[in-house]
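Enquirer: Predicted model and sequence follow; I will ask about them next.
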Amino acid sequence: MSNIELKGLYEVTSSSLPPVHNWKPPFCGDMDMVIKANGEWFHEGGKIKRSAMVAMFSRILWFENGEHFLVTPVEKVRIQVEDAPFLITRWQWIETERGRAIEFATLTDDVLVLGVDCDLWMDWYKEEERPYVSMRYGMKALVGRNVFYGIAESLEQVEAPKGIGMGIISAGKSYLLMQDA
C-alpha cells in the first residue's frame, strides 16, 4: 500500500487544474482509496469528510487503460473507482454563443457546459441505467438523480446519431435519452 507525496501541490487551488497530463512519474503501487458509486471518497476504510481534500485529490486524478490513478510530479498510485469518479450535483440553464445550454457542476466544483465541455449519454452500472457526462482525460461523471430529474422536465423530441426520441438540446447539440420504440 502506498501513500502519495503531496509536496508541491500547495499552489493548486480548488478552481485550478495541475498539468497532470504532462507528468510522467513512475508507478508506485496501490493506495487503499475507493471512490464509491455514490461519489463518496474513502481512504483506508474511512470516509474522507473534508471536501477540500476530496477536491484536491480530484484535481490530480488520472485515467489510463481503464484504471484510475492519483498523480503528482514524482509518483503515481492506483486507486479504485466503483462507477464514475465524479458526481454531477447541480445544474442550470445558461446562454452561450451556441445558444441555450446546460451548465453542470460536480461535487468537487468542476463546471462543465453540455455540448461545449462535455457530452451526455446513458449507460448501465450493474442493473441500473444511469446518465453520465464526459470529463477530462477520458473520465466520466455520474449525473445525480436529482439533477437528472430536473433535466427530465426539459425533455423534447430530438434527433441524434443514435436515433429519434426524447432528449435534450444543449449548445446546439442533441442528446438522446429515451429512444422511440
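Expert: Structure's in. What do you need?
Enquirer: can you pull the buried residues of the lengthiest strand in the chain?
Expert: Longest strand in the chain, counting residues (DSSP state E): strand 86-96. Going by neighbour count (16 or more other C-beta atoms under 10 Å), the buried part of strand 86-96 is 86-89, 91, 96. Quick note: C-beta positions are derived from backbone N, CA and C, even for glycine.
Enquirer: Give me the pLDDT for Ser2.
Expert: Per-residue pLDDT puts Ser2 at 52.
Enquirer: now swap in Ala37 and tell me
Expert: On the pLDDT scale, Ala37 gets 93.
Enquirer: That one is in what secondary structure piece?
Expert: In the assignment (DSSP states H and E), Ala37 maps to no helix and no strand.
Enquirer: okay, now it: neighbour count?
Expert: Number of residues near Ala37 (other C-beta atoms under 10 Å) recorded here: 16.
Enquirer: ditto for Leu176
Expert: Leu176, neighbours per other C-beta under 10 Å, totals 20.
Enquirer: how about the nearest residue to it, chain neighbours excluded?
Expert: Ala160 (4.0 Å; C-beta to C-beta, 6 or more residues apart in numbering).
Enquirer: Then Gly45?
Expert: Closest to Gly45 by C-beta to C-beta, 6+ apart is Asp32, at 7.4 Å.
Enquirer: Wait, that neighbour touches His43, no?
Expert: Yes: in this structure Asp32 lies within contact range of His43 using C-beta atoms under 8 Å: 6.6 Å.
Enquirer: Report the separation between the residue at minimal distance from the centre of the chain and Glu67.
Expert: In the chain, the residue lying closest to the centroid (C-alpha atoms, centre = their mean) is Ala141, at 2.9 Å. Plainly put, Ala141 is 17 Å away from Glu67 if you go by C-beta to C-beta, to the nearest Å.
Enquirer: Also Asp30?
Expert: Applying C-beta to C-beta, the value for Asp30 to Glu67 is 10 Å.
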